[in-house]
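>>> here's a sequence, model it:
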Amino acid sequence: FRSLSISLSLSLSPSPSLSLSPQNDPYLRIYMGNERLVNDKSNYIPNTVDPIFGKMFEVKASLPVEHQLKIQVMDWDLLSADDLIGETIIDLEDRFLTKDRATCGLARSYCVDGTNAWRDTSRPVEILNDVCKRRGILPPEYDGDARCKVADREYELFAEDDLVAPEDELGELKERLALKVLHNFDLVPEHIETRPLYNPLRPSLPCGNLQMWVDIFSESGPKPRAPVNINPRRPEEYELRVIIYNVEEIPLDDESITGEAMSDIYLKGWFQESDDKKHKTDVHYRSLSGEGNFNWRWILPFNYIPAEKKMVIKKRESFFSWDKTEIRRAPTLVVQVWDNDLFSLDDYLGDIELDLIKMPQPAKTSKKCKPEQLEPPDMSSGGILSKLKNLRKLEFVSLFETKSLRGWWPITGVDEDGNRVPAGKVEMELEILRKEETEEKPAGEARDDPNTNPTLSPPNRPQTSFLWFTSPWKVFKFIIWRRFRKVIIIALITAVIAALIGLLIYATPGYTVRKIFGFAFS
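Got it, this is the predicted structure:
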């Protein structure tokens, strides 16, 4: 027979051991009677109670001598013996001998190709003849390929009977008609079994569930088709490119040495829940208006499963973790705005979180960028037309479909009461590429080589944007002189006049003496 053990064990309980971890490292063992046929220890799945095995095992057995199939879910341990999480036992002899034909589930449609291709070694017409013989019913009487009579009941095949499968994958009409008749008998349909797992240490308490199915085929009969591929989906490699162009209306969190409100603005970006490095822009120093200019590129590689619309993240739960834990989350980009401080911790100013599957449409200009882009519309009041108008305001797109977006998104911060408040706007360009596409469109981090796709020029920042202690002359020119110019000029004029008066006072006594004595001597 062929046994296909599938997919997930639903909510496994932690193994009954002294392990400090609430998670398991499960793998499968398969026994036929007392003989262990499969030990899949090398393919254990680390740190999970919801493993997806996706395994197919083909083993041989002689019925009724070997009739008990035992499947164990084990917990792998590094330094001690592996623990039994739970097991389930299947009586294959009962399935083989039952009149309900439990050897191979009856499919919904008869397909000769595609993912739903017929798996049984016997075709529907052969199965129907065998069922009629076992139940003492006369063989079916066919009237062409679309009509037949079984047990004084007539059956007809209609086009809508096979809507579940594409037309080009369906088999012969007569086989499809026989299958329709079989569905009127109490035969075991094609299905996924959910079997509870039990542990001898806790025999009355289920330790989780195993989803699987079992097919039994005779070795003397026709060979079955190639098994269905149930391997877990593997993530594909993608790359997200984020270009930070400008920010506006950022809160001014600091004061300059002259008392002006300002911020030294920079941005951080990363994927939510990822342990990868956080990307940063350079610092736009001394922003006096809340504006910042960057022209800075981030490159964020990630793994993604398109069918599940999930990003796969692998990270260690702690320093002592032996394996990385795999988690699947929606791909969410986090962009934060910070104020750079030299002698203290940097100050958080605001952020935006963008789900790449369901992104709010960006505004084309800064003036059109409003916090309402991120907020759901108010549907509690107003008429139908106003509700529809509010609903149109909030438009979402998938970056995986549009491939790229550019525009303005609102940034929100947190006030003293913990409420979200507007904290500026950011102009960004986001682009998603598959791994093979990144080789065709190379690009470097920041403005490094290769600075292409697109080429980023240095930002056009005002002359007042500099780090104060690295440029004393600029400090005097753009800070002190610009703010205290009149005071400095008046002070200089006053100093010159005071110096002249001082020199006059200092020189006056000597001049008077020379005049007096010079006149006397003459």
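
>>> the chain: helices as residue ranges?
Assigned by DSSP state H, the helices in the chain fall at 92-97, 124-134, 173-182, 384-393, 399-402, 435-440, 472-474, 481-521.

>>> for the stretch 301-450 of the chain, give me the ranges with low pLDDT.
Within the stretch 301-450 of the chain, the segments meeting pLDDT under 70 span 376-394.

>>> in this structure residue 243 contacts residue 299, no?
No: using Cβ atoms under 8 Å, residue 243 makes no contact with residue 299, being 10.1 Å away. C-beta coordinates here come from the backbone N, C-alpha and C atoms, glycine included.

>>> between these two, which is the more surrounded one?
Shown here are residue 243 and residue 299; by other Cβ atoms under 10 Å, residue 243 has more neighbours (18 against 15).

>>> ok, now which ones touch that one?
In this structure, residue 243 makes contact with 295, 296, 297, 298, 428, 429, 430, 454, 456, judged by Cβ atoms under 8 Å, 6 or more residues apart in numbering.

>>> give the contact list for the first one.
Listed by Cβ under 8 Å, 6+ apart, the contact set of residue 295 reads 243, 244, 245, 447, 456, 457, 458, 459.

>>> if we use 6 Å, what do you get?
Neighbour list for residue 295: 456, 459 [criterion: Cβ atoms under 6 Å, 6 or more residues apart in numbering].

>>> tell me how far residue 315 lies from residue 331.
Per Cβ to Cβ, to the nearest Å, residue 315 is found 15 Å from residue 331.

>>> nope, residue 222 is what I meant
46 Å.

>>> was I right about residue 46 contacting residue 323?
Yes: look at residue 46 against residue 323 with Cβ atoms under 6 Å: they come within range, at 3.4 Å.

>>> count the residues that sit near residue 429.
Count around residue 429 with other Cβ under 10 Å applied: 16.

>>> is it in contact with residue 405, as I believe?
No: counting by Cβ under 6 Å, residue 429 stays clear of residue 405, with 7.2 Å between them.

>>> give the buried residues for stretch 311-330.
Within stretch 311-330, the residues that count as buried by 16 or more other Cβ atoms under 10 Å are 311, 312, 313, 323, 326, 327.

>>> what sits against the fourth one?
This points to residue 323. Residue 323 neighbours (Cβ under 6 Å, 6+ apart): residue 46.

>>> can you check the second one too?
Residues in contact with residue 312, defined by Cβ under 6 Å, 6+ apart, are 235, 303, 328.

>>> excluding sequence neighbours, find me the nearest residue to residue 223.
Distance criterion Cβ to Cβ, 6 or more residues apart in numbering; nearest residue to residue 223, sequence neighbours excluded, is residue 121 at 7.3 Å.

>>> from the contacts of residue 243, keep the buried residues only.
Looking at the contacts of residue 243 with 16+ other Cβ under 10 Å, the buried ones turn out to be 295, 296, 297, 298, 428, 429, 430, 456.

>>> out of those residues, which one sits closest to residue 359?
residue 430 (8.0 Å; Cβ to Cβ).

>>> the closest one against residue 407, yeah?
No: contact criterion Cβ under 6 Å: residue 430 and residue 407 do not qualify, at 9.5 Å.

>>> tell me, how many residues neighbour residue 281?
Neighbours of residue 281 (other Cβ under 10 Å): 22.

>>> contacts only, for it.
With Cβ under 6 Å, 6+ apart, residue 281 has these contacts: 244, 266, 267, 294, 296.

>>> which residues are in contact with the nearest residue to it once chain neighbours are set aside?
Counting by Cβ to Cβ, 6+ apart, residue 281 lies nearest to residue 296, which is 4.2 Å off, once chain neighbours are set aside. Shown in contact with residue 296 (Cβ under 6 Å, 6+ apart): 244, 281, 446.

>>> try it again with 8 Å
Counting by Cβ under 8 Å, 6+ apart, the residues that residue 296 touches are 243, 244, 267, 281, 282, 446, 447, 456.

>>> just residue 438 next, same as before
For residue 438, counting by Cβ under 8 Å, 6+ apart, the contacting residues are residue 239.

>>> thought the residue nearest to residue 223 was touching residue 216?
No: the pair residue 121 and residue 216 does not pass the contact test of Cβ under 8 Å, sitting 10.2 Å apart.

>>> now the contacts of residue 281 in JSON lines, with distance to residue 365?
Output for these, formatted as JSON lines (distance: Cβ to Cβ, whole Å):
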{"residue": "244", "distance to residue 365": "17"}
{"residue": "266", "distance to residue 365": "24"}
{"residue": "267", "distance to residue 365": "20"}
{"residue": "294", "distance to residue 365": "18"}
{"residue": "296", "distance to residue 365": "21"}
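
>>> which of the residues you listed count as buried?
244, 266, 267, 294, 296.

>>> returning to that earlier point: check the contact lists of residue 121 and residue 216 and give me the overlap.
With Cβ under 8 Å, 6+ apart, residue 121 and residue 216 have common neighbours residue 104.

>>> quick one on the thing from earlier: among the buried residues of stretch 311-330, pick out the one closest to residue 374, please.
residue 311 (20.8 Å).

>>> list the contacts of that closest one.
235, 271, 302, 303, 304, 305, 328, 329, 330, 331.

>>> out of those, who's the most crowded?
Among those, residue 331 has the most neighbours (other Cβ under 10 Å), with 25 neighbours.

>>> in this structure residue 267 contacts residue 246, no?
No: the criterion here is Cβ under 8 Å, and residue 267 misses it with residue 246 at 10.7 Å.

>>> now do the shared contacts for these two.
Counting by Cβ under 8 Å, 6+ apart, the residues touching both residue 267 and residue 246 are 294, 426.

>>> burial count for residue 410?
Residue 410, neighbours per other Cβ under 10 Å, totals 22.

>>> show me what contacts it?
By Cβ under 8 Å, 6+ apart, the contact set of residue 410 is 352, 369, 370, 371, 373, 374, 422, 424, 425.

>>> by neighbours, which of those wins?
residue 425 (26 neighbours).

>>> next up, the contacts around that one.
Per Cβ under 8 Å, 6+ apart, neighbours of residue 425: 247, 248, 249, 366, 369, 408, 409, 410, 411.

>>> nearest to residue 158 among those?
Nearest member of those to residue 158, counting by Cβ to Cβ, is residue 409, at 53.1 Å.

>>> done for today, thanks.
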